[in-house]
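[1] Next comes the sequence, and after it the predicted model I'd like to discuss.
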Amino acid sequence: MMDLRELYQDIILDHGRHPRNFRALEHPTHSAKGYNPLCGDRVTIYLQLDGDRIEDVSFDGRGCAISTAAASLMTEVLKGKTLAQAHALFERFRAAVTGSDPGELPETLSEDAERLEPLTGVKAFPVRVKCATLPWHAFEAALKGDADPVKTE
Amino acid sequence: MSALSRREVATNRAHFDARRLRREFPIFTNHPELVFLDSGASAQKPRAVIEGLAEFYANDYANVHRGVYQLSARSTDRFEEAREKVRAFLNAADEREIVFVRGATEAINLVAQSWGVSRLRAGDEIVISDLEHHSNILPWQQLCARCGIRLVVAPTDNTGGFDLAAFKALLSPRTRLVAVTHVSNVTGALLPVERIVRLAHDRGARVLIDGCQAVPRMPVDVQALDCDFYAFSGHKAYGPTGTGVLYGRYELLAAMPPWQTGGGTIEHVAYEHTDFAPPPQRFEAGTPDIAGAVGLGKALDFIEALGRGHILEHEEALTGYAVDRLSRMPGVQLLGAGQRQLSVLSFDLVGVHPHDVGTVLDQHQVAVRVGHHCAQPLMDKLGLAGTVRASLGIYNDEADIDRLIAAIAAAQEMFQR
């Protein structure tokens, strides 16, 4: 039996129960919806961009503890980042949760990567990886200006 | 006789011993700690079915209805024997009323595409219930979009149960078909199908019943029900995947055009015109799942040896036990409680997402289904993203329910601290 506490670490349970930045932005410059048809989870990501810097980011919707915590932690690390830094963090995160080579990350982002570390427990639970990446895919879709919800399936 | 010895069957009749019966299912030998509570999605297979498939391929296999050689004749006999078993199992009047399909989904699509397209006109209405699986919604929805028919949905009452009065009020002279489930795949509610059929027939409407959850669990007699179509999936009835059955009243089938055409469906083909074969061959285009049908016959033998009355008794008693345990747990909201439920129990764990519950239960080796159960309109109506669903089979017993309860308690302990 894999240890469930590897997946549901205290920080995940905390962010799952009390998500940060859980609200809609009134006038977002970008937004997009994410949808997981497997479980019906929905998330909307709102962005306020100033040039290529993320001035504000928030989310709402309904989801499991993993996707809610992933969205909450994502909004925390993305605030104030440039788009290039955000992409680098997503690449790093995706590699970590799928168990592939995470590659190099600039020194300046190592603290943020560490903040996302508790979510990497999902790699032992393959059916839950999509829960953790859903908000990130919605974030990317918001930047691309996708009108249709981004889906995990 | 199936792999069960006569003595074991006699023992089962005297006292339905699920634990002992489990020995007939190799999956439980290979996974001794598994608590399988997802038979509503698909049932595990008894040795009689697994070995029956291999035995048929090894001894009697060839294509059917084609060859003049003895082996092909033998294969055809076994395929048609399986059809006769299905006929007897449903107590249909005639084995030509039994069409082999890939599953209930295909059976319903067949009726929609053949009977529906040829018989229905703009302005006609199809009545379904609020408790339907997507497979008994989408074929009608697509048909409606194509033919200008109206889809009418009979609402459930405030407990999530079928509301006969509301259903009756929706019937009109425009109603041409009523398509309802026999047992809900979400709440386990048993629908009053006999009364539904009578009410529909009084209005001159035809009735299709989705029997997926009923067939493995209770006696089903299509003549007594007096329904026009009855569909079920073989894999939910302990048979192989890729098998299913459409029962249709013969005079209806005989007047229906083929929906898929090809080899096996014809009497004579010329480029100008084709004479199609009578039912059931008219609806079985291409080489059918021959071994699957034989395997389904083995599964039905297995069920009959146990006795459907005994299975129903066992599963109703176990359902009662589970309902009692679940409804006494704080924070557990059982759907459809208070009405007659059979073997399918959906619940919401207050404050815990079903997906998280599923992962915790899986870690306790309790296999359940979480999500919308292919019934999104019902979930939306109940205001739920999804539920946790435990569904029973003949191999489950009270110890399985106890393990489920313990695993739910562990999930609550983790998420509700």
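    Structure received. Numbering: from 1, shown residues only, chains lettered A, B, ... in the order given.

[2] quick one: what helix or strand has residue 71 in it?
    With no chain named, the answer covers chain A. Residue A:71 belongs to helix A:65-78 when elements are defined using DSSP states H and E.

[3] I was thinking of chain B, sorry if that wasn't clear
    Element membership of residue B:71 [criterion: DSSP H and E] is helix B:70-90.

[4] So what touches the helix or strand that that helix is followed by?
    Using DSSP H and E, the helix or strand that follows helix B:70-90 in sequence is strand B:98-101. Surrounding strand B:98-101, the residues in contact under the criterion CB atoms under 8 Å, 6 or more residues apart in numbering or on different chains are B:83, B:86-87, B:90, B:92, B:107, B:110, B:231, B:243-248, B:253, B:279-280, B:283-284, B:288-289, B:293. C-beta here means a position set from N, CA and C on the backbone, and glycine is covered the same way.

[5] Count the residues that sit near residue B:324.
    The criterion is other CB atoms under 10 Å in any protein chain shown. On that basis, residue B:324 has 10 neighbouring residues.

[6] Give me the below-cutoff pLDDT ranges for chain A.
    A:1-2, A:153 (pLDDT under 70).

[7] Quick check: residue A:19 touching residue A:68?
    Yes. Shown here, residue A:19 and residue A:68 form a contact pair, counting by CB atoms under 8 Å, at 5.3 Å.

[8] who's more crowded, the two?
    Legend: neighbour count by other CB under 10 Å for residue A:19 and residue A:68, higher for residue A:68 (26 against 22).

[9] which residues sit in contact with the more buried one?
    For residue A:68, the contacting residues are A:15, A:16, A:19, taking CB under 8 Å, 6+ apart as the criterion.

[10] now, which of these sits nearest chain B?
    The shortest separation between chain B and any of the contacts of residue A:68 is 7.9 Å, and it belongs to residue A:16 (by CB to the nearest CB).

[11] what helix or strand is the residue lying closest to residue A:27 once chain neighbours are set aside on?
    The shortest distance from residue A:27 to any non-neighbouring residue, by CB to CB, 6 or more residues apart in numbering or on different chains, is to residue A:48 (7.7 Å). Residue A:48 belongs to strand A:41-50 when elements are defined using DSSP H and E.

[12] now for that strand, which elements pack on it?
    strand A:30-36, strand A:53-62, helix A:65-78, helix A:129-144 (3 or more CB pairs under 8 Å, 6 or more residues apart in numbering or on different chains; DSSP states H and E).

[13] Show the residue spans covered by the strands in the stretch 101-250 of chain B.
    Listed in chain order, the strands found in the stretch 101-250 of chain B under DSSP state E, counting those that start in this stretch are B:125-129, B:150-154, B:175-181, B:206-210, B:229-233, B:244-248.

[14] Next secondary structure element downstream of the last one?
    The one in question is strand B:244-248. Past strand B:244-248, further along toward the C-terminus, the next helix or strand under DSSP H and E is helix B:250-254.

[15] mind listing what's buried in that next one?
    For helix B:250-254, burial by neighbour count (16 or more other CB atoms under 10 Å in any protein chain shown) applies to B:252, B:253.

[16] I'd like to know the average pLDDT value across it.
    Helix B:250-254 shows a mean pLDDT of 98.

[17] Give me the contact list for that helix.
    Where contact means CB under 8 Å, 6+ apart, the residues beyond helix B:250-254 that reach it are B:93-94, B:96-97, B:99, B:115, B:206, B:228-229, B:278-280, B:282-283.

[18] redo that, cut-off 10 Å
    Counting by CB atoms under 10 Å, 6 or more residues apart in numbering or on different chains, the neighbours of helix B:250-254 from elsewhere in the structure are B:92-94, B:96-99, B:110-111, B:114-115, B:119, B:206, B:228-229, B:246-248, B:278-280, B:282-283.

[19] among those, which ones are buried?
    Burial by neighbour count, 16+ other CB under 10 Å: within these this picks out B:92, B:96-99, B:110-111, B:114-115, B:206, B:228-229, B:246-248, B:279-280, B:282-283.

[20] low pLDDT regions in chain B?
    Within chain B, the segments meeting pLDDT under 70 span B:1-15, B:417.

[21] Could you spell out which stretches of it belong to which domain?
    Here chain B is described, according to automatic domain parsing, as comprising the domains B:6-46+B:307-415, B:53-304.

[22] Is it possible to get TSV of these that adds distance to residue A:43?
    Putting those into TSV (distance: least, CB to CB, whole Å) gives the following:
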stretch	distance to residue A:43
domain B:6-46+B:307-415	12
domain B:53-304	23
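
[23] out of these, which comes closest to residue A:26?
    domain B:6-46+B:307-415 (26.0 Å; CB to CB).

[24] Indicate whether the closest one makes contact with chain A.
    Yes. Counting by CB under 10 Å from any CB of the partner chain, chain A is contacted by domain B:6-46+B:307-415 at B:33, B:351-360, B:362-365, B:370-372, B:376, B:379-380, B:384-386, B:410-411, B:414-415.

[25] residue contacts, the residue in chain A that chain B sits nearest to?
    With CB to the nearest CB as the measure, the residue in chain A that lies nearest chain B is residue A:64; the distance is 3.8 Å. Taking CB under 10 Å, 6+ apart as the criterion, residue A:64 is in contact with A:16, A:36, A:39, A:41, A:70, A:128, A:131-132, A:134, B:352-359, B:370, B:385-386.

[26] Residue B:391 now?
    When the contact criterion is CB under 10 Å, 6+ apart, the partners of residue B:391 are B:36-43, B:185, B:188, B:213, B:217, B:236, B:315, B:319, B:342-346, B:368-369, B:373.

[27] Make a PyMOL selection of the buried ones in those residues.
    With 16+ other CB under 10 Å as the criterion, this PyMOL line picks the buried residues out of the contacts of residue B:391:
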select buried, chain B and resi 36+37+38+39+40+41+43+185+188+213+217+236+315+319+342+343+344+345+346+368+369+373
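
[28] which ones among the contacts of residue B:391 are found in strands?
    Cross-referencing the contacts of residue B:391 with the strands (criterion: DSSP state E) gives B:36, B:344, B:345, B:346, B:369 as the overlap.

[29] Kindly reformat these as a markdown table containing distance to residue B:180.
    Supplementary listing: the ones in strands among the contacts of residue B:391 in a markdown table, determined by distance: CB to CB, whole Å:
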| residue | distance to residue B:180 |
| --- | --- |
| B:36 | 28 |
| B:344 | 16 |
| B:345 | 20 |
| B:346 | 18 |
| B:369 | 22 |
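
[30] Among those residues, which pair sits farthest apart?
    Across the ones in strands among the contacts of residue B:391, the two members that end up farthest from each other (CB to CB) are B:36 and B:346, 16.9 Å apart.

[31] Can you name every helix or strand that the one helix or strand residue B:381 maps to contacts?
    In the assignment (DSSP H and E), residue B:381 maps to helix B:376-382. For helix B:376-382, the contact count by 3 or more CB pairs under 10 Å, 6 or more residues apart in numbering or on different chains; DSSP states H and E identifies strand B:344-349 as packing neighbours.

[32] Alpha carbons only: can I get the strand it packs on in CSV?
    What follows is strand B:344-349, C-alpha atoms only, in CSV (Å, rounded to 0.1, in the frame of the first residue of the first chain):
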residue,chain,number,x,y,z
VAL,B,344,-26.5,0.2,-6.4
LEU,B,345,-25.8,2.8,-3.7
SER,B,346,-24.6,6.3,-4.5
PHE,B,347,-23.5,8.7,-1.8
ASP,B,348,-22.0,12.0,-1.1
LEU,B,349,-19.4,12.5,1.6
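
[33] What pairs with it, parallel or antiparallel?
    strand B:332-334 (antiparallel), strand B:387-391 (antiparallel) (DSSP bridges).

[34] Quick check: next helix or strand after it?
    For strand B:344-349, the following helix or strand on the C-terminal side (DSSP H and E) is helix B:354-363.
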